[in-house]
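[1] Provided below are the primary sequence and the corresponding predicted coordinates.
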Amino acid sequence: MRHRKSFNHLGRTRSHRKAMLSNMAASLIMHKRINTTVAKAKALRMYVEPLLTKAKEDTTHSRRVVFSYLQDKFAVTELFREISGKIADRPGGYTRVIKLGKRLGDNAEMAMIELVDYNEHMLSEKAGKKKKTTRRRGGKKKVADTVVAETTAPKVEEPKAEVKEEAKAEAKEAKPEEKKEAKAETKAEAKKPEVKNTDDKKEE
């Protein structure tokens, strides 16, 4: 029965479990990812993440506390020099557990535990993704959206007004010339002499 069982003992004594988790944490810090069983990966995550948080503050006290857990000076150096700079802006959740399927020998569930900031493939995918936009039905658009669209839309200059003005100017220039030609024609018609009909006089 699981009465008040707050963590997995992993079938080991306290000293054995502590030594195993210390060794696994040092390996994770040095290699950035390790393969193990799902149960051990979850136990390691609870063990190593407080140490990563402690490494954000690079003081002698922090180094001594972390060394008391890891018992590996090379892992402590790597943690405070390299890893602490990468995880500085991350507020927790430094590790990721990815299940790999079952082991052939004893059918145990296997997993890979890794440091989140060192998986370059997943970081590049996240950077390349576009932001999702919410889709709405056409008839239920908000008034605010339409106002924003109108204000943000680039203004297109209307060439029609300029064409109309040019056409008016040409018409004005052409009208006086046409008037002059019409006046000249009327004057020419007025100057022509009237030809009298001589046939009518002969008949008389």
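    All right, it came through fine.

[2] all helices of the protein, in order?
    Applying DSSP state H to the chain gives helices spanning 14-31, 38-54, 60-70, 73-78, 84-86, 120-128, 143-152, 159-191, 198-203.

[3] Pick out the shakiest of these, pLDDT-wise.
    Among the helices of the chain, helix 198-203 carries the lowest mean pLDDT, at a mean of 51.

[4] Roughly how far does the residue nearest to residue 51 when sequence neighbours are not counted sit from residue 115?
    Among residues not flanking residue 51 along the chain, residue 66 sits closest, at 5.3 Å (Cβ to Cβ, 6 or more residues apart in numbering). C-beta coordinates here come from the backbone N, C-alpha and C atoms, glycine included. Relative to residue 115, residue 66 is positioned 15 Å away (Cβ to Cβ, to the nearest Å).

[5] Likewise for residue 91?
    15 Å.

[6] Of these two, which one has the most company?
    residue 115 (19 against 7; other Cβ atoms under 10 Å).

[7] just checking, the more buried one touches residue 25?
    No. Taking contacts as Cβ atoms under 8 Å, residue 115 lies outside contact range of residue 25: 11.4 Å.

[8] Quick check: chain neighbours aside, which residue is closest to residue 48?
    Spatial nearest neighbour of residue 48, chain neighbours left out: residue 25 (4.4 Å); criterion: Cβ to Cβ, 6+ apart.

[9] Share the number of residues neighbouring the one you found, please.
    Residue 25: 25 surrounding residues under other Cβ under 10 Å.

[10] for residue 61, same thing?
    9.

[11] need the contact list for it.
    Going by Cβ atoms under 8 Å, 6 or more residues apart in numbering, residue 61 touches no other residue.

[12] From residue 80, how far off is it?
    Residue 61 is 12 Å from residue 80, by Cβ to Cβ.

[13] which residues touch residue 109?
    37, 38, 39, 99, 101, 102, 103.

[14] any idea how far residue 120 lies from residue 114?
    Noted for residue 120: a distance of 11 Å to residue 114, by Cβ to Cβ.

[15] Could you check which of those two has the larger neighbour count?
    Legend: neighbour count by other Cβ under 10 Å for residue 120 and residue 114, higher for residue 114 (21 against 8).

[16] Show me what that one bridges to in the sheet.
    In this entry, residue 114 is beta-bridged to residue 33, residue 96, by DSSP bridges.

[17] ok, back up a step: identify, from the contacts of residue 109, the entry nearest to residue 133.
    Nearest to residue 133 out of the contacts of residue 109 is residue 99 (Cβ to Cβ; 32.4 Å).

[18] close enough to count as contact, that closest one and residue 113?
    No. Under the criterion of Cβ under 8 Å, residue 99 makes no contact with residue 113, lying 10.5 Å away.
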